[in-house]
Every structure is written in structure tokens, then in C-alpha cells.
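Q: pasting the structure only:
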């Protein structure tokens, strides 16, 4: 077996080194949504933009609901690495891949039910619903590839191989952008084009990295990945179910919270739905940047727990939170300087531009406040403290929804953004409350 060693204690420099490749791959991720938004925002009318906003949000949120495939894999793999149990590392990957395929098949089977839910929940016009249906009917078939990407990303993050995980994500996103542009601009496939671009990019990326991962495992661990009866013992199934179910509930609630923004926006009309769709791209950009530290921290935290080194764990937590907050300040400063120019790139509809300018100060305020909950998420994922993550999210959402309804009625669209800010604060406070539960593992 390969003898792989990592430092139990990591300073800011090491954490930044791990985060750098994730930064670049995470920079590409929101560009996919930005390009899709820009492609639709420059078509003949805002119906394409509104339909893409709803359809892509819904299908992305469904996929994100299965984010436990990445998060659960990171925690299990990193802790097994800390213990030096290489066979369990490979087994964790195999279990994740099997579960991903099963879930993807279920998503495809439930395609019509997804469309019915969209029509009931958003009540779009017939024209917009037809566009939504076109998008989802194509994009849903990317589920097997996209869920497998989650598992492979979690596997390499758990091994602190952030360059490899970032290369996988970057390949997927860059292909997605190029193919979407080609299908929309050159083949004139409008909303079907952006969905088809994602689908083709996902399968090309997965095929390449499944082969790469197989050879990586054989070379590093001297193990040939294969299915066997020991993959799903009663103990392993029970542990995996608990971890994944907790993260699933937590992620469902988180994705619902962002879907709730689109729902409230739709009640204000197509213009505000389009405006908030554009502004949410800035939130996603900052989240993906700050998640670079969270992703890097997941593997480091899991490794220090596997080694049972409490001092290094606390130092890693402190360093990660500090460097994440500093980065968030830089992001907000960049938004102040370049925000209006970015909005102008995303749409040439003057009314959408004008309305967006009036709400942009919320986009500047959110990243520094949100940085704490993003980083705490990474710490809890690495520690596999999933029940606490679930409980923290339940409490946060239970307060967020009625709060958003109140402020929505009082100050309209400003209320939507104020509520999102409060939601980020709630997530941080509730996770901080449960932090001591991690220390009990040492």
C-alpha cells in the first residue's frame, strides 16, 4: 500500500495553497450560469431569461439537494486517510458512485412530476412554461453524469488533491460554456441549447475522469476498484444512511431557501424575477470563491480528526475562518468597483439594468457576513457532524421564511435581500452553537 502523509497542522499558507486550484475552478462554475443568463438576456425578450431563471434554478437545486454525495464522501475519505485505511477510502468512493447512479435514475423517472411542481409553484404563463419544459426535458438526462461528478470531486477533496478535483470541475464548466455558446449562437437552439451544452459537457467530463480515477487508485493505493459484498455491510449502510440523510435534509432546506427567493421575486413580476436572477449570480460568485477555503478545510479537518490531534484542528479552524473573511472583504470591494459593468454585460435590457442598480448594495454587504457560515459548513462536513448541520439549518430556515414574508410585505424587493442577509447570520449563529459537539470527538 502507498504510504501517503499529510501535515496534521496547516497554516494559512498551506490552506491557501490547497484553495488556489479550487479558486480557479470555482471561478469557472458561476461563469456557466452567467453565460447562460447572458445568452438568454440578449435574445428577443425577457421570457427566455425568466424561463431560464426558473428552469435552471429548479434543476440545479434538485441536483444540489444531493450534495451529500460530495460532502459525505469528503468526510469519510479524509477521516479514513487520517487512519491510513486505504481500502475504506476506495470503498467509500464505490458506495458513492452506486448511490449516485440510483438517485440519477429516480430523477429522470420523476421528470414529469418536476414539471407539474414547477407549474403549480411558479404559475408561469403558457409561453414561459413551454420554455421551462424544453429546458428541463433535456437537462434532466445529465443527472447521472452530474451526480457522479459530485462523488469524484468529494473523493479527491478528501485526499487533499484539490488540483485534481478542480481540474474535473473546470473541464466540465469550460466545456459547458463553449458548448452552450455554440448551440445557442451557431445552431440557434435558444433555451434548449444551454441545457444541451450542460448535458454533453457533463458526460464528456465524467468519462475522462472515471478512467483517470481508476488509474489513480491503482497507482497510489495498489488497489483495483471493484464491486464486492463488503461494500454494503449493515454497519456501513447505517452510517452512510445517517450521514447522507442528514446532509440531504440540510441541503434540501438550503436549496429551498434560494428557490424561495425566486418564488417571492416571481410575485413581483417578470422584471424583478430577471433582476434578482442577475443579482443572485453575484451571490453565487462570492459563494464559490469563499467555498474554496471551505472545500480545502473539509479534507484538512477530517484528516486531523482521523489523527485525533485537537490542537491542530483548532488551529486549522481559526486559520480558515480568518483567511475566508479577509477574502470576502476583497470580493465586496471588487463588486463596488466592477458591479455595474458586470450587470451591463449580463443584459442589454435598460429597465433590468436600472432596477438592478438600485439593489446592488445588498450584494456588497452579504459576502463578509456569509463567509462565516460557508466556512463553518466546511468544518462540520469534514468532521461528519451532519446531524448538527441539519438541526442548524432547520432552525435557520424556520426563522428565515416568516421573516422574509414579513419584510417582503413591508419593503418589497428590499425585503427579499434583507431576509437573505438575516438568513446568512442565522446559519452562522446556529452552527457556532453546535461547534463544541465536534470537540467531543477528540
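A: Everything's here; your move. These numbers come from a predicted model, not from an experiment.
Q: so how far is stretch 423-430 from its chain's centroid?
A: Averaged C-alpha coordinates place stretch 423-430 at 18 Å from its chain's average position (CA atoms, centre = their mean, to the nearest Å).
Q: From the rest of the structure, what touches it?
A: 257, 366, 369-370, 372-373, 376-377, 391-393, 395-397, 399-400, 403-404 (CB atoms under 8 Å, 6 or more residues apart in numbering). Using the backbone N, CA and C atoms, a C-beta is placed for each residue, glycine as well.
Q: same question, stretch 371-383
A: Taking CB under 8 Å, 6+ apart as the rule, stretch 371-383 contacts 71, 74-75, 78, 247, 287, 290-291, 293-302, 305, 317, 320-321, 324-325, 327-328, 386, 388-389, 424, 427-428, 431-432, 434-435, 438, 441.
Q: Filter those residues down to the buried ones, PyMOL style.
A: The following PyMOL command selects only the buried members of these, with burial defined by 16 or more other CB atoms under 10 Å:
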select buried, resi 71+74+75+78+247+287+290+291+293+294+295+296+297+298+299+300+301+302+305+317+320+321+324+325+327+328+386+388+389+424+427+428+431+434+438
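Q: Among the contacts of stretch 371-383, which ones are in helices?
A: 71, 74-75, 78, 247, 287, 290-291, 293-302, 305, 317, 320-321, 324-325, 327-328, 386, 388-389, 424, 427-428, 431-432, 438 (DSSP state H).
Q: how about the residue nearest to residue 145 when sequence neighbours are not counted, secondary structure?
A: Closest residue to residue 145 apart from its sequence neighbours, by CB to CB, 6 or more residues apart in numbering: residue 202 at 3.6 Å. Put simply, residue 202 is helix when judged by DSSP: H, G, I helix; E, B strand; the rest coil.
Q: distance of residue 202 from residue 92?
A: 22 Å (CB to CB, to the nearest Å).
Q: Settle it for me: which of those two has more neighbours?
A: Legend: neighbour count by other CB atoms under 10 Å for residue 202 and residue 92, higher for residue 92 (27 against 23).
Q: what about the more buried one, which helix or strand?
A: helix 86-109 (DSSP states H and E).
Q: Mind listing what's buried along that helix?
A: For helix 86-109, using 16+ other CB under 10 Å, the buried residues are 86, 88-97, 99-100, 103-104, 107.
Q: Beyond that helix, next helix or strand please.
A: Immediately after helix 86-109, counting by DSSP H and E, sits helix 111-122.
Q: what packs against the following helix or strand past that following helix?
A: Proceeding N to C from helix 111-122, the next assigned helix or strand is helix 126-139, under DSSP H and E. For helix 126-139, the packing partners by 3 or more CB pairs under 8 Å, 6 or more residues apart in numbering; DSSP states H and E come out as helix 46-64, helix 111-122, helix 190-221.
Q: So what's the model's average confidence on the first one?
A: For helix 46-64, the per-residue pLDDT values average out at 81.
Q: what's the answer for the last one, then?
A: Model confidence over helix 190-221 averages 93 on the pLDDT scale.
Q: try the shortest one
A: Averaging the model's pLDDT scores along helix 111-122 yields 90.
Q: May I see the buried residues of that helix?
A: 111, 114-115, 118, 122.
Q: Give the full set of residues in contact with the residue positioned nearest the centre of the chain.
A: Among the residues of the chain, the one closest to the centroid is residue 64, at 6.0 Å (CA atoms, centre = their mean). Counting by CB under 8 Å, 6+ apart, residue 64 makes contact with 251, 254-255.
Q: can you rerun that using 7 Å?
A: 251, 255 (CB atoms under 7 Å, 6 or more residues apart in numbering).
Q: what do you get for the one 3 residues further on?
A: When contacts are counted by CB under 7 Å, 6+ apart, residue 67 is found next to 150, 247, 251.
Q: can you give me phi and psi for it?
A: Dihedral pair for residue 67: phi -60, psi -10, per degrees, to the nearest 10.
Q: Quick check: it vs residue 157, distance?
A: 12 Å.
Q: Can you pull out the low-pLDDT segments for the stretch 301-442 of the chain?
A: For the stretch 301-442 of the chain, applying pLDDT under 70 flags the ranges 442.
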